[in-house]
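# quick one: sequence plus predicted model below, questions after.
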Amino acid sequence: MKTIDLVVIGGGPAGMGAAIAAYDAGVRDILVLERDHRLGGILEQCIHNGFGLHRFKEELTGPEYAWRFEKELRERKIAFRLDTMVLDLSEDKVITAMNAEEGIFRIQAKAVILAMGCRERPRGALNTPGTRPAGIYTAGTAQRYINIMGYMPGKKAVILGSGDIGLIMARRMTWEGAKVEMVLELMPYSGGLTRNIVQCLKDNDIPLLLSHTIVEIHGKERVSGVTIAQVDENRKPMMETARFVECDTVLLSVGLLPENELTRKAGVPMDVRTSGALVDQRRMTEIPGIFACGNVLHVHDLVDYVSEEAEIAGRGAAEYILQGSEPDPNPVTVRPGNGVRYTLPQRIDRAEDTTIFFRVTDVHPAVRIRVKAGEETVLMRKRPRVAPGEMETVRILGSKLQGYMGQTLTVELEEEAEHGT
Amino acid sequence: MLYDVAIIGAGVVGGLIARELSRYRLKIVMVERSHDVAMGTTKANSAIVHAGYDAECGSLKAKLNVEGSRMMESLCRKLGVKYLRNGSLVVAYRPQDMERIGKLYERGKKNGVEGLEILDTEKLHQMEPSLSQEAVGALFAPSGAIVCPYELNIAAVGNAMDNGAELLLDWEVTKITEDGDGYTLWSGENHLSARYVINASGVYADHVAAMVGDSSFTIRPRKGQYMLLDHDCVGSVTHTLFNVPNELGKGILVTPTVDQNLLLGPTAEDQEDREDVSTTPEGLEKVQENARKVIPSVNLRGVITAFAGLRAVGSTGDFIIESPRQGFWNVAGIESPGLSSAPAIAVYVTELLAGQGLLLEEKEDFMEERVAVHRFNELSMEEKNRVIRENPLYGHVICRCESITEGEIVEAIRQNPGARDLDGVKRRTRAGMGRCQGGFCGPLVTEILSRELGIPLEKVTKFGGGSYLNVGKTREEHIHEND
């Protein structure tokens, strides 16, 4: 069996970023495995701009953003295989992969970085009653149809879910001459970025109906319409508000799920909140030498954050390969408190400068973010507004962490203004 | 064109009859109104091979169920169809229901079901540890089994075609005329003639019978709604779990499938409409409620898809296998245990045709086994590498969730009966059957279909007819005209 120092599973922004960072930290024997016929992952079909504002201070399209990384990968002559599917990953870091040229092959890796990304929740997960005609797509599938294949999925669409891909596709469909009747959102707030609500919906006069859902899909062969209804505070449809909307296409943008099949096969312990692996500040999972970054670890809002996380994972893997790893027996545990859905990393095993990424459970104007150890406040930051669709961060210096090794830090929200304003 | 036998309906019943008849020197045609085979009741049912304790003693259902169930395993082996004898349990939740269990036991013995056993509480929970603590006992039928009905259907039709039978799709019978030596079937302007006609047209069997003036029975569709859960939801469930039928109803089952999903359902809703296979909030809630009652730990967040099918319930209460006229045979009302009985129905019908004068001359070159389908996932690493060397398309994974390769998809399009649409590929290969439901592989399979069938991408459909997948290239005139 072939041995390789570092195998990166996935050649999207996370995988490429991690491989580059590991190279720059001194690892030379790297192999990136990508299942598609090109690098770049989902960015290849995201031809709208807005990528890289944080990282490059420029507005790039998805493929442009990906190309910056691919170029760096190629300049470093980091090896990659395309059209290669990883079928299995074992706890002791043996990778089984397959492609048309080499057949099935196994690799023993010293370290592995998981960067498989995420997938969209399909209709089945929603239990939407009705018929099962053609014309129901996830927003990402429709995006592939239009941007990669050059075909229109339909002429008149209703979009369920106001996640970013749904919003982007509302605009894309409109620009391509289709009519987007409306975007429906089950929650009383959108799950997408504010800038996408403005640029994609408002600028194109597409109504966003909050607290609404599809209660039935109609059509025998092709979608002929949907019945929509408003939902109450328990998200149950109020049937007296039900009405029929004619359309030939339903696009679903109802959440993303990290693709952790390989992670589970390797027996990596998972976090039920993120649906990704439990990791330390270097993005090492609880199996030494297996790292994870990007949307396979937790779903990001901006690719810029994916790249930041990928660098952390790449450097972490390099350190593991070159110096070995002695985890601190007294790590800090990080957990979400009031108003916070999840925190990442879940464990900090060294007192070094660490950014904690987290997502909130609700929209709040003007809040304080408090990091606590027991009743003691470790850190407090103000935010003018937080929303579940946007990732939040707090940075804790290593010097500060020093005093809390072995303890649990809780990240929580505190309303600044009175309620009901 | 004059055929010896024309079979109306290429579901699992029609397909297995065609396959049985293709042993003999006969000119056989199957006509099917849909774009593919297995598009009616066969597509959406419980996928169970019943042991045979349920049907009334002396009925055709009882006889053919027990016989069919005995034939199923070897038939599946010959046709390369997955079959698992997982055993079934009819579970009682109240002490008074044990009496009914006893009655089922007696009836099953009379029907000739082998190995039946009544289980006490302790033994039952040993066998099925995740079953509700409220379960008090059960009837265990070790010969109960599971099979994939459309896989069996496709393989049967394919094997019949490999043995010379013909298949006409998108061919809906609209009229039947009698001529001297048989019948002429019409589909609009198209027509064909046959000396013997078998009416295996499912929920439309009474309509087809009426075309030759037979109104001796009616069919009433009964809707059944189902939910399918992901692989990791099967847990420790191994048996097919029925509820004991009582005054509260026949109950809804929970069963693993041969593809290691968990299937919940069906509801039983009589309706007039012969097309309506929509799911309803009430139906899906009922299915989930039952599942929670049977397996309290069931993970209903793992639902992949929900669907409904129609059983063809006949007005006589039994299978209707009769000839109202010389040469015309109804094989109708094939509701549960129809799938279990189908292999025996095929043999039975063949004998009946012979009794009416059809000459059965065995072919020497009859291929009893279907040309093997590559089940790539089931091969060893060495075998996989050999297959990839012979055809590199097998090294290219198209469906990530179920690990289905391009080689398997191309084979499904080329092998009898070839897939012609997205759902056809899905039923033959499982591409798109996994947790992402074709989100990633759908567009790729569409491209492969377009390439292999030599049709433009916009002509590829989900399941034929008007089930188009896209409306043509972007920025084309007709799209803007629609504004």
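Received it, and whenever you're ready, just let me know what you need. Numbers count the residues shown, from 1 in each chain, chains lettered A, B, ... in the order given.
# now do the contacts for the residue nearest in space to the middle of chain A.
Closest residue to the average C-alpha location of chain A: A:Val299 at 2.2 Å, with Cα atoms, centre = their mean. A:Val299 makes contacts with A:118, A:256-258, as judged by Cβ atoms under 8 Å, 6 or more residues apart in numbering or on different chains. The way it works is simple: take the backbone N, C-alpha and C, and place the C-beta from them, glycine included.
# also A:Arg35?
Per Cβ under 8 Å, 6+ apart, neighbours of A:Arg35: A:10, A:83-86, B:397, B:400.
# try 6 Å this time
A:Met85 (Cβ atoms under 6 Å, 6 or more residues apart in numbering or on different chains).
# now do B:Ala291
So B:Ala291 contacts B:254, B:264, B:298 (Cβ under 6 Å, 6+ apart).
# switch to 10 Å and redo it
B:227, B:229, B:233, B:241, B:252-254, B:262-265, B:298-300 (Cβ atoms under 10 Å, 6 or more residues apart in numbering or on different chains).
# ok, which of those residues also contact chain A?
On the criterion Cβ under 10 Å from any Cβ of the partner chain, B:227, B:229, B:300 are the entries of those that sit beside chain A.
# list buried residues within the residues you listed.
By neighbour count, with 16 or more other Cβ atoms under 10 Å in any protein chain shown, the ones next to chain A among the contacts of B:Ala291 hold B:227, B:229 as buried.
# inside strands: which ones of the ones next to chain A among the contacts of B:Ala291?
B:227, B:229 (DSSP state E).
# and of the contacts of B:Ala291, the nearest to chain A?
Nearest to chain A among these: B:Met227, at 7.8 Å, using Cβ to the nearest Cβ.
# what does the stretch 101-250 of chain B have sitting close to chain A?
So the stretch 101-250 of chain B meets chain A at B:225, B:227-232 (Cβ under 10 Å from any Cβ).
# quick one: the residues you listed as TSV, columns for distance to B:Asp365 too.
As requested, those are exported to TSV (distance: Cβ to Cβ, whole Å):
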residue	distance to B:Asp365
B:Gln225	45
B:Met227	45
B:Leu228	40
B:Leu229	44
B:Asp230	44
B:His231	41
B:Asp232	46
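# make a markdown table from these and add pLDDT to it.
Formatted as a markdown table, these follow (pLDDT from 0 to 100):
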| residue | pLDDT |
| --- | --- |
| B:Gln225 | 97 |
| B:Met227 | 96 |
| B:Leu228 | 95 |
| B:Leu229 | 95 |
| B:Asp230 | 92 |
| B:His231 | 91 |
| B:Asp232 | 89 |
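# if you rank every helix and strand of chain B by mean pLDDT, what lands last?
Of the helices and strands making up chain B, the lowest-confidence element is helix B:477-481, at a mean of 46, by mean pLDDT, DSSP states H and E.
# rewinding a little: next step: the contacts of B:Ala291 restricted to strands.
Per DSSP E, the contacts of B:Ala291 map to strands at B:227, B:229, B:241, B:253-254, B:262-265.
# and those residues, which is closest to A:Val306?
Using Cβ to Cβ, B:Leu229 comes nearest to A:Val306 of the ones in strands among the contacts of B:Ala291, at 31.2 Å.
# is that closest one bridged to anything, and to what?
For B:Leu229, the beta-bridge partners are B:Leu262, B:Val303 (DSSP bridges).
# ok, it - contacts?
A:124, B:235, B:254, B:256-257, B:261-264, B:291, B:298-305, B:435.
# tally of neighbours for whichever residue of the stretch 201-350 of chain A sits closest to chain B?
Nearest residue of the stretch 201-350 of chain A to chain B, counting by Cβ to the nearest Cβ: A:Glu221, 3.8 Å away. If you count neighbours by other Cβ atoms under 10 Å in any protein chain shown, A:Glu221 ends up with 18.
# distance of it relative to A:Arg119?
According to Cβ to Cβ, to the nearest Å, A:Glu221 stands 27 Å off from A:Arg119.
# next SSE after the helix ranked longest in chain A?
Counting residues, the longest helix found in chain A (DSSP state H) is helix A:303-323. Once helix A:303-323 ends, the next helix or strand along the chain (criterion: DSSP states H and E) is strand A:332-336.
# neighbouring strands for that next one, and are they parallel or not?
Under the criterion DSSP bridges, strand A:332-336 sits next to strand A:347-348 (antiparallel), strand A:408-415 (parallel) in its sheet.
# break chain B down into its structural domains.
Domains of chain B are assigned by automatic domain parsing as B:84-146+B:221-312, B:376-459.
# next, format these as TSV and append distance to A:Gly192.
Compiled in TSV, these are given as follows (distance: least, Cβ to Cβ, whole Å):
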stretch	distance to A:Gly192
domain B:84-146+B:221-312	23
domain B:376-459	19
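# can you give me the helices in the stretch 301-450 of chain B?
Secondary structure of the stretch 301-450 of chain B by DSSP state H, counting those that start in this stretch: the helices cover B:338-355, B:381-390, B:406-414, B:422-429, B:441-453.
# which of the ones you listed sits closest to B:Glu73?
helix B:338-355 (9.9 Å).
# next one: that closest one to chain centre, how far?
16 Å (Cα atoms, centre = their mean, to the nearest Å).
# near chain B, which residues of the stretch 151-300 of chain A are found?
So far as Cβ under 10 Å from any Cβ goes, the stretch 151-300 of chain A lies against chain B at A:151-156, A:172, A:175-179, A:215-224, A:237, A:239, A:248-249, A:252, A:257, A:259, A:261, A:264.
# picking up where we left off before, looking at the strands paired with strand A:332-336, which is buried most?
Mean neighbour count (mean count of other Cβ atoms under 10 Å in any protein chain shown) peaks for strand A:347-348 among the strands paired with strand A:332-336, with a mean of 20.
# for A:Met405, grab the count of nearby residues.
By other Cβ under 10 Å, the residues close to A:Met405 number 15.
# which ones are touching it?
Contacts of A:Met405 (Cβ under 10 Å, 6+ apart): A:328-332, A:348-351.
# okay, those residues in CSV with distance to B:Gln271 and pLDDT next?
Converted to CSV, the contacts of A:Met405 look like this (distance: Cβ to Cβ, whole Å; pLDDT from 0 to 100):
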residue, distance to B:Gln271, pLDDT
A:Asp328, 65, 76
A:Pro329, 66, 82
A:Asn330, 66, 90
A:Pro331, 61, 94
A:Val332, 61, 96
A:Ile348, 60, 96
A:Asp349, 62, 91
A:Arg350, 65, 91
A:Ala351, 68, 92
